[in-house]
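Visitor: Here's my sequence, what's the structure:
(chains A and B)
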Amino acid sequence: MRVATWNVNSVKQRLPRLLDWLDQRRPDVVCLQELKMTDDVFATLIGPDLTDRGYLFASNGEPQWNGVALLSRVGLDDVTIGIPGAPGFPHVEGRAISATCGGVRVHSLYVPNGREPGSDHYTYKLEWLAKLRDQVAADPSDVLVCGDMNIAPTDADVFDPAAFAGHTHVTAPERSALAALADLGLRDVVRERWPDEPVFSYWDYRAGMFHKNLGMRIDLILASGPVADRRAAAWIDRLARKGTAPSDHAPVILDLDSAPDGDVGPMVPPPSAGRPRGRGVKLPQSK
DNA sequence: ATGACTGGATAGTCCAGA
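Guide: Coordinates of the predicted model:
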């Protein structure tokens, strides 16, 4: 069984690339984030294409921002929209959906960004993550928590820790929220497979960050022990970040029991021959 | 080349993203 998660940054803009990628990678379960459309529009725009490919689907969308979905061709049962008791900002946003697929409880998540440490949005992020922890704690033993977690688990998951000082995604309280999931037995399958490689899943569109491989690993697949033990391959599909009109995120792929493409490489560019990359580079700044 | 973004809503630019 192949499970993937991908922040597509607008299904509408990503439609041709998403369909091509489904045909190429043929995942059995797909977690999507940042649909940026309502459930009705999602079903109309892409539903027939998904049905043609054998997928059942469910979504938790909004008109303009956020939005998550689950696609599955190994069953889609007991769908839960959102997280029980989770806060809104101020309204409850489309950031979580879960279902049982192929015997595994799968979560597709778009964790709030947090904006600035100490801001209202940052508090919202931490409170939302606490409710996620409570929901997962009530889950069965076979669980996959997938999505854009908007947290880099360690300093190895950003191109230069100094560039992120004082920013969200790397602060101790955010990382503690991930540790709380680890305390429930969830394991970071990509990092377990590639313990030393700089594997990123997000690169800012600006300033040629992708081509310089100045990224972050914030899209995660966290597996409970029985599921993590079934890992045959785990990798980040950075080819999907190349070419025309990509998302700023790449998909993350986990193969359970067997790996259709073999045990692919870490999907990182070869190390540059010269100076170290990324030291002293600043984050692109919003106006 | 030492600078380099994209999407959504809107109808000027502004907000959001991480």
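Visitor: Contacts for stretch A:159-176, please.
Guide: Stretch A:159-176 is contacted by residues A:113-117, A:122, A:125-126, A:129, A:150-155, A:158, A:198, A:200, A:213-216, A:218, A:277-283 when judged by CB atoms under 8 Å, 6 or more residues apart in numbering. No exception for glycine: its C-beta is placed from N, CA and C like everyone else's.
Visitor: Keep only those residues that also lie close to DNA strand B.
Guide: With CB under 7 Å from any atom of the strand as the criterion, the subset of those in contact with DNA strand B comprises A:113, A:115, A:150, A:216, A:218, A:283.
Visitor: Run through the residues of the stretch 101-250 of chain A sitting next to DNA strand B.
Guide: By the rule CB under 7 Å from any atom of the strand, the part of the stretch 101-250 of chain A lying against DNA strand B is A:112-113, A:115, A:121, A:148, A:150, A:167-169, A:202, A:204-208, A:212, A:216, A:218, A:245, A:248-249.
Visitor: still on that earlier bit, please produce a ChimeraX select command covering the buried subset of the contacts of stretch A:159-176.
Guide: In ChimeraX, a selection of the buried entries from the contacts of stretch A:159-176 looks like this (16 or more other CB atoms under 10 Å):
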select /A:114,117,122,125,126,129,150,151,152,153,158,198,200,213,214,215,216,218,278,283
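Visitor: coming back round to it: so can I have CSV of the ones next to DNA strand B among the contacts of stretch A:159-176 showing secondary structure?
Guide: Putting these into CSV (DSSP: H, G, I helix; E, B strand; the rest coil) gives the following:
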residue, secondary structure
A:Asn113, coil
A:Arg115, coil
A:Asn150, coil
A:Met216, strand
A:Ile218, coil
A:Leu283, coil
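Visitor: in chain A, which spans are helices?
Guide: Taking DSSP state H to define them, one finds helices in chain A at A:11-25, A:39-52, A:120-137, A:172-183, A:189-193, A:225-228.
Visitor: could you dump those helices to JSON lines with mean pLDDT and distance to A:Ala99?
Guide: Converted to JSON lines, the helices of chain A look like this (pLDDT from 0 to 100; distance: least, CB to CB, whole Å):
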{"stretch": "helix A:11-25", "mean pLDDT": "97", "distance to A:Ala99": "18"}
{"stretch": "helix A:39-52", "mean pLDDT": "97", "distance to A:Ala99": "14"}
{"stretch": "helix A:120-137", "mean pLDDT": "97", "distance to A:Ala99": "13"}
{"stretch": "helix A:172-183", "mean pLDDT": "98", "distance to A:Ala99": "19"}
{"stretch": "helix A:189-193", "mean pLDDT": "96", "distance to A:Ala99": "20"}
{"stretch": "helix A:225-228", "mean pLDDT": "98", "distance to A:Ala99": "15"}
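Visitor: Quick check: pLDDT value at A:Ala273.
Guide: Per-residue confidence at A:Ala273 stands at 39 (pLDDT).
Visitor: related to what we said a few turns ago, just say which of the helices of chain A is most tucked in.
Guide: For those, the largest average neighbour count (mean count of other CB atoms under 10 Å) is found in helix A:189-193, namely a mean of 20.
Visitor: returning to what we had before: how about the helices of chain A in a markdown table, adding distance to A:Ala240?
Guide: Formatted as a markdown table, these follow (distance: least, CB to CB, whole Å):
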| stretch | distance to A:Ala240 |
| --- | --- |
| helix A:11-25 | 6 |
| helix A:39-52 | 17 |
| helix A:120-137 | 26 |
| helix A:172-183 | 24 |
| helix A:189-193 | 15 |
| helix A:225-228 | 23 |
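Visitor: residues contacting the closest residue to A:Phe89 other than its chain neighbours?
Guide: The spatially closest residue to A:Phe89, leaving aside those adjacent along the chain, is A:Tyr124, at 4.9 Å (CB to CB, 6 or more residues apart in numbering). Listed by CB under 8 Å, 6+ apart, the contact partners of A:Tyr124 are A:87, A:89, A:112, A:114.
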